[in-house]
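J.: Sequence plus predicted model, see below.
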Amino acid sequence: MEISVISIFPGMFDAVAGSGVSRRAMEQGALNLHRWDPRDFTEDKHRGVDDRPYGGGPGMVMKPGPLCRCIDAATADHAGPVLYLSPQGELLTQGLVEELSSEPAITLVAGRYEGIDERVIQTRVDREISIGDYVLSGGELAAMVLIEAVTRLIPGVLGNDKSARQDSFSNGLLDCPHFTRPKQFEGHEVPAVLLTGDHEKIRQWRFQQSLKKTINSRPDLLRQADFGKTGLNKEQIKLLKEFKLEQEDV
Ligand code: 21W
């Protein structure tokens, strides 16, 4: 996969190039990260990438000229959808991540200041994507979140395809608690069921724990949970559907 990032702070992307799943993907040749700096496409001696907003108000806006020339250079090298990381975008979900991971190439635009000139969005951007309802200072960290989420789905990258598919959200429920050695830690025991070797019982316990965690932390997820992917028996599906109906009454 070819991922091009457009940012006036290309050094921030050392974080994904230098460690973790994205670094491994790059070493494997499964991911190429291309960094483009709009400042290299300025034509004035001060290399200015921002200007004051028409209509007045606080803050600055990224100028369309350098940004559009930069996007055009990036997409000329590797054609693919142009994604603008923006607080005004659609929410990044695992579904969208899966969709994007099947693209041979994507170009990510990270804005700074109050955002980018609207005409860049009108003429160059295919999708606007937000990573959540909180305020960042620019799109770079959001772009890195997207890169990590997408990279771990590229076939062969994780080295453990099963954990990529079986993780939290794969059935719409949150993950169950995990335990490893020692059996006792600061007086806290590992749940006895996990030591029984009874795999059917363990599966049921984990499902109950997932359900409990989802109800308490993210009840909104239950309304969309996909029971086709839960690997539950008929009895469990029936219980969960009854539980869902009760929730809808509340
Ligand atoms: C944040 C720029 C806020 C402009 C309402 C009206 C990219 C981001 C960003 C940023 C404002 C993402 C205002 C989640 C994010 C990003 C920088 C607007 C003034 N508010 N996902 N006017 N959160 N943020 N501030 O911040 O570039 S994806």
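T.: Cool, got the structure.
J.: who are the neighbours of the longest strand anywhere in the chain, in terms of helices and strands?
T.: Taking DSSP state E as the criterion, the chain has its longest strand at strand 82-91. Packed against strand 82-91 by the contact rule (3 or more Cβ pairs under 8 Å, 6 or more residues apart in numbering; DSSP states H and E) you find strand 105-110, helix 118-124, strand 127-130, helix 140-151. (Each C-beta comes from the backbone N, C-alpha and C, glycine too.)
J.: how about a cut-off of 6 Å?
T.: When contacts are defined as 3 or more Cβ pairs under 6 Å, 6 or more residues apart in numbering; DSSP states H and E, strand 82-91 packs onto strand 105-110, strand 127-130.
J.: and it, which residues are buried?
T.: 82-87, 89 (16 or more other Cβ atoms under 10 Å).
J.: quick one: the following helix or strand past that strand to strand 82-91, angle?
T.: Next in sequence after strand 82-91, counting helices and strands by DSSP states H and E, comes helix 94-101. Counting by axes from the mean of the first three to the mean of the last three Cα atoms, to 10 degrees, helix 94-101 points 170 degrees away from the direction of strand 82-91.
J.: I'd like the buried residues of strand 82-91 as CSV, with distance to residue 13 appended.
T.: Shown next, in CSV, are the buried residues of strand 82-91 (distance: Cβ to Cβ, whole Å):
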residue, distance to residue 13
82, 17
83, 15
84, 16
85, 13
86, 18
87, 20
89, 20
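J.: Quick one: the residues you listed as TSV, columns for pLDDT and distance to residue 176 too.
T.: Formatted as TSV, these follow (pLDDT from 0 to 100; distance: Cβ to Cβ, whole Å):
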residue	pLDDT	distance to residue 176
82	99	39
83	99	33
84	99	37
85	99	32
86	98	35
87	98	33
89	98	32
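J.: Between all of these, which two are at the greatest distance?
T.: Spatial extent of the buried residues of strand 82-91 (Cβ to Cβ) is set by the pair 82 and 87 at 17.6 Å.
J.: For this structure, what lies in contact range of the ligand?
T.: 85-87, 111, 114-115, 130-132, 134-139, 142 (Cβ under 6 Å from any ligand atom).
J.: can you do 8 Å?
T.: Applying Cβ under 8 Å from any ligand atom, we find that the chain lies next to the ligand at 59, 85-87, 89, 110-115, 129-139, 142-143.
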